[in-house]
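Undergrad: Attaching a predicted model along with its sequence, questions to come.
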2 protein chains.
Amino acid sequence: MIEDLSRSQQEILDAAAECFMKMGPDVASIDDIAGLLGSTKGRVYHHFRSKGELLYAVRLRSVSLLMERVSPIAAQDIPPLEKLRAMSFAHVLRILKFLSYHRVVSEDTRMFFRGSAKPHEKEMIEQIIEMRRSYENLYRAVLTEGIEAGVFANQSVSITLHSIIILMNGPCFWYSPRPEQTDKDVEEIARSVSDLVLRAVVADPAVLETA
Amino acid sequence: MIEDLSRSQQEILDAAAECFMKMGPDVASIDDIAGLLGSTKGRVYHHFRSKGELLYAVRLRSVSLLMERVSPIAAQDIPPLEKLRAMSFAHVLRILKFLSYHRVVSEDTRMFFRGSAKPHEKEMIEQIIEMRRSYENLYRAVLTEGIEAGVFANQSVSITLHSIIILMNGPCFWYSPRPEQTDKDVEEIARSVSDLVLRAVVADPAVLETA
């Protein structure tokens, strides 16, 4: 599930995600992407055969960027509270650092629901939705565990799950990075959002202060 | 800010919102909208001169649907906890009942940020963003009041505000109405989301149980 991309491929995808986000996937061209990279179209085509392939790779990487950080945490043998804290912090941090990837993806899920995706796109998007489902299951597991342990409030797992994912993806919609922003500032935001997730979920927020 | 629409205009807008959501605003035509209404194009044109005008009216109505319910609650002289509970419940209920309006709007904000809106669209979208800002200010006020009173946890108002709006709009993304669904079921969902908002915000959730 976690891809193995060369540094050069990653750079190309970063530029592609940036162009797709800014211009929209319909308008952005391989020319624009090469232009942003300051390189030739040849370099792009060496790794990706078409814009469609780039768009697919951007979508795939948006989920695997989350998966590669969060899934090792989910596998750790630690109590649900600490686990959810670490998972949600890592998730939001990734959203903030790879904003363009996630912005592109939040758009095409909608296209999919609207049924306006072309057949070959549909297959790709279904595959990515499948990956996202396994990602969500990491959260479902820790929520269920926490509710059973009585640390998390006894709420509908499915509504809570949807809601915390939306909450963690929230910065996609409202965050715009400032040039003078440090890593510390970004971590601060991630911690604030992650705190909101934990508050929404725990039975008693007193445990958050002592933890 | 709250419009005065005839029943017939509302019906047309309901059908337009449905078509824009399902087919996308680019693809949906006045023909499709009239078809869904089971009426003539003439009836649509009697009220709205173009598809652009319909799209604008749908966007406008999505905010005023929220405003007309939430703003009287915001104006009441009640403690911040009860106020936020009533506001968030009313908001989510409106999202659930007028899903198509809100889905259409969540799409074009993005188009705006991408700068791909045409100049005359830009003006309309700016106006709607302005309305949405006054809507958000209702929440900013109650959050600030609650934090000052010590009932709400002392968190960043701006991150909390963004986050609870996203949380309340969440059903736009994950909710799909079932045919057998009752008003009670919908209220149940609204209450669950509103509870998550309150939990994320209050200093001590014990007050939620006693309230």
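TA: That came through fine. Residues are numbered from 1 along each chain as shown, chains lettered A, B, ... in the order given.

Undergrad: CA atoms for contacts and neighbours, from now on please.
TA: Fine.

Undergrad: Pick out the residue of chain A closest to chain B.
TA: Nearest residue of chain A to chain B, counting by Cα to the nearest Cα: residue A:200, 4.1 Å away.

Undergrad: Please, which helix or strand holds that residue?
TA: Using DSSP states H and E, residue A:200 sits in helix A:183-201.

Undergrad: how far off helix B:183-201 does that helix point, in degrees?
TA: Between the axes of helix A:183-201 and helix B:183-201, defined by axes from the mean of the first three to the mean of the last three Cα atoms, to 10 degrees, the angle is 130 degrees.

Undergrad: outside of helix A:183-201, which residues touch it?
TA: By Cα atoms under 8 Å, 6 or more residues apart in numbering or on different chains, the list of residues contacting helix A:183-201 from outside reads A:81, A:84-85, A:88-90, A:92-93, A:96, A:152-153, A:160, A:164, A:167-168, A:205, A:208, B:155-156, B:159-160, B:163, B:196-201.

Undergrad: Stretch A:163-180 too?
TA: A:88, A:91-92, A:95-96, A:99, A:102-103, A:136, A:193-194, A:197, B:162-164, B:166-167, B:170, B:193.

Undergrad: Report the buried members of those residues.
TA: Neighbour-count burial (16 or more other Cα atoms under 10 Å in any protein chain shown) applied to those gives A:88, A:91-92, A:95-96, A:99, A:102-103, A:193-194, A:197, B:162-164, B:166-167, B:170, B:193.

Undergrad: Send me the following helix or strand past the helix holding residue A:200 as PDB with only the CA atoms.
TA: Following helix A:183-201 in sequence order, the next helix or strand is helix A:206-210 (DSSP H and E). The C-alpha trace of helix A:206-210 is given here as PDB (Å, rounded to 0.1, in the frame of the first residue of the first chain):
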ATOM      1  CA  ALA A 206      -9.600  15.800  32.700                       C
ATOM      2  CA  VAL A 207      -7.600  12.800  31.400                       C
ATOM      3  CA  LEU A 208      -6.300  15.100  28.600                       C
ATOM      4  CA  GLU A 209      -4.700  17.400  31.100                       C
ATOM      5  CA  THR A 210      -3.000  14.700  33.200                       C
END
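
Undergrad: Helix A:206-210: how far from the chain's middle?
TA: Centroid separation between helix A:206-210 and its chain, computed with Cα atoms, centre = their mean, to the nearest Å, is 28 Å.

Undergrad: average pLDDT across that helix?
TA: For helix A:206-210, the mean pLDDT works out to 73.

Undergrad: average pLDDT for stretch A:72-90?
TA: Stretch A:72-90 comes out at a mean pLDDT of 94.

Undergrad: Sort out which residues of it are buried, please.
TA: Of the residues in stretch A:72-90, A:73, A:74, A:80, A:81, A:83, A:84, A:85, A:86, A:87, A:88, A:89, A:90 count as buried by neighbour count, 16+ other Cα under 10 Å.

Undergrad: if we take these, which one ends up nearest to residue B:59?
TA: Using Cα to Cα, the shortest approach to residue B:59 within these belongs to residue A:88, at 32.7 Å.

Undergrad: Just give the closest residue to the closest one, not the sequence neighbours.
TA: The spatially closest residue to residue A:88, leaving aside those adjacent along the chain, is residue A:194, at 5.3 Å (Cα to Cα, 6 or more residues apart in numbering or on different chains).

Undergrad: Which pLDDT value goes with that neighbour?
TA: pLDDT at residue A:194 comes out at 94.

Undergrad: Over to the one 5 residues further on?
TA: According to the per-residue confidence, residue A:199 scores 92 in pLDDT.

Undergrad: Could you check how far it is from residue A:193?
TA: Using Cα to Cα, to the nearest Å, residue A:199 is found at 10 Å from residue A:193.

Undergrad: Near chain B, which residues of chain A? Just list them.
TA: Residues of chain A found near chain B (Cα under 8 Å from any Cα of the partner chain) are A:21-24, A:107, A:113-116, A:155-156, A:159-160, A:162-164, A:166-167, A:170, A:174, A:189, A:192-193, A:196-201, A:203-206.

Undergrad: Restricted to buried residues, select the residues you listed in ChimeraX.
TA: Per 16+ other Cα under 10 Å, the buried members of the residues of chain A next to chain B correspond to this ChimeraX selection:
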select /A:21,22,23,24,107,116,155,159,160,162,163,164,166,167,170,189,192,193,196,197,198,199,200,201,203,204,205
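
Undergrad: burial count for residue A:26?
TA: Neighbour count for residue A:26, taken as other Cα atoms under 10 Å in any protein chain shown: 8.

Undergrad: With the one 4 residues further on instead?
TA: A count of nearby residues for residue A:30, using other Cα under 10 Å, gives 19.

Undergrad: if I read this right, it contacts residue A:51, doesn't it?
TA: Yes - taking contacts as Cα atoms under 8 Å, residue A:30 lies within contact range of residue A:51: 6.5 Å.

Undergrad: list the residues that contact both of the two?
TA: Contacts common to residue A:30 and residue A:51, judged by Cα under 8 Å, 6+ apart, are absent.

Undergrad: Ramachandran coordinates for residue A:152?
TA: The phi and psi values for residue A:152, taken as degrees, to the nearest 10, are phi -100, psi 150.

Undergrad: which residues does it bridge with?
TA: Judged by DSSP bridges, the bridge partners of residue A:152 are residue A:202.

Undergrad: Could you report the neighbour count for it?
TA: Residue A:152 is flanked by 23 other residues according to other Cα under 10 Å.

Undergrad: give me every residue that touches it.
TA: Residue A:152 is in contact with A:81, A:143, A:146, A:201, A:202, A:203, A:204, counting by Cα under 8 Å, 6+ apart.

Undergrad: farthest pair in the residues you listed?
TA: The span of the contacts of residue A:152, defined through Cα to Cα, is set by A:143 and A:204 at 14.8 Å.

Undergrad: Measure how buried residue A:177 is and give me the count.
TA: Using other Cα under 10 Å, residue A:177 is surrounded by 12 other residues.

Undergrad: Name the SS class of it, please.
TA: Secondary structure assignment for residue A:177 (DSSP: H, G, I helix; E, B strand; the rest coil): coil.

Undergrad: cool, residue A:78 as well?
TA: Three-state secondary structure (criterion: three-state DSSP) places residue A:78 in coil.

Undergrad: any idea which of the buried residues of stretch A:72-90 is closest to residue A:46?
TA: Of all the buried residues of stretch A:72-90, residue A:46 sits closest to residue A:90, with 32.7 Å by Cα to Cα.

Undergrad: So what touches the helix or strand where the closest one lies?
TA: Residue A:90 is part of helix A:80-97, with elements assigned from DSSP H and E. With Cα under 8 Å, 6+ apart as the contact definition, helix A:80-97 has outside contacts at A:65-66, A:69-70, A:73-74, A:76, A:102, A:139, A:142-143, A:145-146, A:151-152, A:168-169, A:171-172, A:175, A:186-187, A:190-191, A:193-195, A:197-198, A:202.
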